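Peer 1: sequence? don't have it. structure:
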């Protein structure tokens with residue numbers, strides 16, 4: 001027990017040799033751990049995380065420079081619980097290292113000398129119409145629920161608490177929100193209670209985040225080790241009954257680069273990064289990589305919401321899910337079955353839905369229906385029903401006269 005200060009220097013050779021170096025320590029009989037990271041944040045990005053003898057204890061990436069783990073409380077992003085004696089490790093991520101290298105100082109205190117930073121008071125629940133109130137045409141026994149399958153809180157690099165995020169989601173009309181903080185599941189135990197307080201389904205998720213691409217693992221399935229090959233993520237998520245989606249695969253330095261013989265079952269086809277711009281037409285070409293016999297990937301959309309300063313709300317774009325109810329189990333069953341559709345908002349707006357053997361375009365008068373082979377058809381009327389066998393090859397999309405993306409359906 002006590003305080004240990006480690007002064008290190010990392011350069012590009014170190015990054016090439018080991019992207020996730022560890023500082024091993026044993027807390028002995030201490031009941032808490034505090035870690036502080038210092039370096040020139042204008043010159044580099046060094047991520048921060050922690051592993052204990054019984055498993056992963058948390059990750060804050062480059063969003064935090066300090067964390068505390070105790071028996072009953074922990075910094076968001078980290079899992080509270082017993083501080084067992086044995087092998088612990090501060091895990092660093094050498095995300096961006098300058099050519100000249102960077103000096104890094106890590107201070108480990110056992111027990112902690114400070115406390116967990118308090119969270120602000122939870123906002124009152126918002127009351128208003130939800131996407132499901134639109135009563136969109138759905139298969140028998142099912143309802144279309146409005147969701148967003150990509151969002152972040154203070155448990156990783158978001159600025160909102162879980163309660164604040166839930167309030168923003170309900171204010172924008174969402175029924176369902178997947179909370180997908182980076183490389184941690186510390187938010188999972190809080191979702192049910194916060195969701196009940198705000199009358200919204202908060203779906204457990206984790207954004208498995210690496211320098212070679214990101215993937216969302218949905219479901220209460222435990223932590224997925226981002227340090228392992230991506231093929232192991234696919235296998236682990238499937239074995240635990242979850243669903244894995246490749247995120248924003250063509251989005252700058254977050255683009256997908258992991259080689260995979262077997263692609264995961266889902267794809268974040270519509271990400272806020274190309275919200276209304278069809279210039280990223282290469283996204284459509286990605287769909288042909290999936291096994292045609294599988295029916296293609298489950299289509300998901302995500303706002304990747306981090307903070308209000310981004311200028312949009314959760315649900316931008318919206319993922320519609322046709323489910324028996326909006327319990328996490330029913331939502332997961334529906335998404336896994338591929339009963340999704342995408343639009344640019346939960347409020348009344350052009351929406352394209354698959355209902356049995358038909359496509360139904362709602363509030364889409366004057367829009368253009370486009371299939372995967374580029375065939376185009378102008379729609380007339382606020383509710384247009386189209387027989388799927390005569391439509392061509394999906395997924396299908398609605399475009400405005402100006403070429404902006406309005407909606408997507410399998």
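Peer 2: Happy to help now that I have it. For clarity, every value in this text was computed on a predicted model and none was experimentally measured.

Peer 1: and the nearest residue to residue 65 once chain neighbours are set aside, how many residues sit next to it?
Peer 2: Distance criterion CB to CB, 6 or more residues apart in numbering; nearest residue to residue 65, sequence neighbours excluded, is residue 37 at 4.8 Å. (C-beta placed from N, C-alpha, C; glycine too.) When neighbours are counted by other CB atoms under 10 Å, residue 37 registers 20.

Peer 1: Quick check: bridge partners of residue 37?
Peer 2: residue 106 (DSSP bridges).

Peer 1: And it, how far from residue 11?
Peer 2: Remark: distance between residue 37 and residue 11 (CB to CB, to the nearest Å) = 18 Å.

Peer 1: Now do the strands in the stretch 151-300 of the chain.
Peer 2: Here the stretch 151-300 of the chain has its strands, by DSSP state E, counting those that start in this stretch, at 176-179, 201-210, 213-218, 243-246, 266-271, 298-302.

Peer 1: Could you please name the strands the first one pairs with and the direction of each pair?
Peer 2: Spelled out, that is strand 176-179. strand 143-148 (parallel), strand 201-210 (parallel).

Peer 1: and of these, who's closest to residue 317?
Peer 2: For the strands paired with strand 176-179, the distance to residue 317 is smallest for strand 143-148, at 8.0 Å, taking CB to CB.

Peer 1: Other residues contacting the closest one?
Peer 2: With contacts defined as CB atoms under 8 Å, 6 or more residues apart in numbering, strand 143-148 is touched by 130-132, 134-136, 138, 169, 173-178, 201, 203, 301-303, 305, 314-326, 331, 341, 346, 353.

Peer 1: buried ones in that strand?
Peer 2: Residues of strand 143-148 classed as buried: 143-148 (neighbour count, 16 or more other CB atoms under 10 Å).

Peer 1: ditto for stretch 122-136
Peer 2: Residues 125-126, 130-132, 134, 136 are the ones in stretch 122-136 that count as buried (16+ other CB under 10 Å).

Peer 1: Need the distance between the two termini of that stretch.
Peer 2: End-to-end distance for stretch 122-136: 32 Å, by CA to CA, to the nearest Å.

Peer 1: So what's the residue count around residue 89?
Peer 2: 17.

Peer 1: In three-state terms, how would it be classified?
Peer 2: Following DSSP: H, G, I helix; E, B strand; the rest coil, the label given to residue 89 is strand.

Peer 1: in the sheet, who's paired with it?
Peer 2: Beta bridges link residue 89 to residue 24, residue 51 when assigned by DSSP bridges.

Peer 1: quick one: it and residue 61, what's the gap?
Peer 2: 16 Å.

Peer 1: One more: residue 104?
Peer 2: Taken as CB to CB, the span from residue 104 to residue 61 is 15 Å.

Peer 1: need the helices for the stretch 201-350 of the chain, in chain order.
Peer 2: 230-239, 282-286, 328-336 (DSSP state H, counting those that start in this stretch).

Peer 1: next one: the lowest-mean-pLDDT helix or strand in the chain to chain centre, how far?
Peer 2: Least confident helix or strand of the chain, by mean pLDDT, DSSP states H and E, is helix 282-286 with a mean of 76. Distance of helix 282-286 from the chain centroid (CA atoms, centre = their mean, to the nearest Å) equals 20 Å.

Peer 1: Check which residues of it are buried.
Peer 2: The neighbour-count check on helix 282-286 (16+ other CB under 10 Å) flags 283-284, 286 as buried.

Peer 1: One more: stretch 213-232?
Peer 2: So stretch 213-232, judged by 16+ other CB under 10 Å, has buried residues 213-224, 226, 230.

Peer 1: picking up where we left off before, list just the nearest of the buried residues of helix 282-286 to residue 27.
Peer 2: Checking those against residue 27 by CB to CB gives residue 286 as the nearest, at 45.8 Å.

Peer 1: What sits closest to the closest one if chain neighbours are left out?
Peer 2: residue 249 is the one closest to residue 286 (CB to CB, 6+ apart), at 6.1 Å.

Peer 1: Can you tell me how far that neighbour is from residue 214?
Peer 2: 9 Å.

Peer 1: Overlap of the contact sets of the two?
Peer 2: With contacts taken as CB under 8 Å, 6+ apart, residue 249 and residue 214 have residue 256 as neighbours in common.

Peer 1: my read: residue 53 touches residue 84, true?
Peer 2: Yes. Shown here, residue 53 and residue 84 form a contact pair, counting by CB atoms under 8 Å, at 5.0 Å.

Peer 1: Figure out the helix or strand that residue 114 lives in.
Peer 2: Here residue 114, judged by DSSP states H and E, is contained in no helix and no strand.

Peer 1: Turn the strands paired with strand 176-179 into TSV, columns for mean pLDDT.
Peer 2: Formatted as TSV, those follow (pLDDT from 0 to 100):
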stretch	mean pLDDT
strand 143-148	98
strand 201-210	98
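
Peer 1: now the ones you listed in JSON lines, with distance to residue 400?
Peer 2: Supplementary listing: those in JSON lines, determined by distance: least, CB to CB, whole Å:
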{"stretch": "strand 143-148", "distance to residue 400": "21"}
{"stretch": "strand 201-210", "distance to residue 400": "30"}
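
Peer 1: and residue 271, which of those strands is closest to it?
Peer 2: strand 143-148 (11.2 Å).
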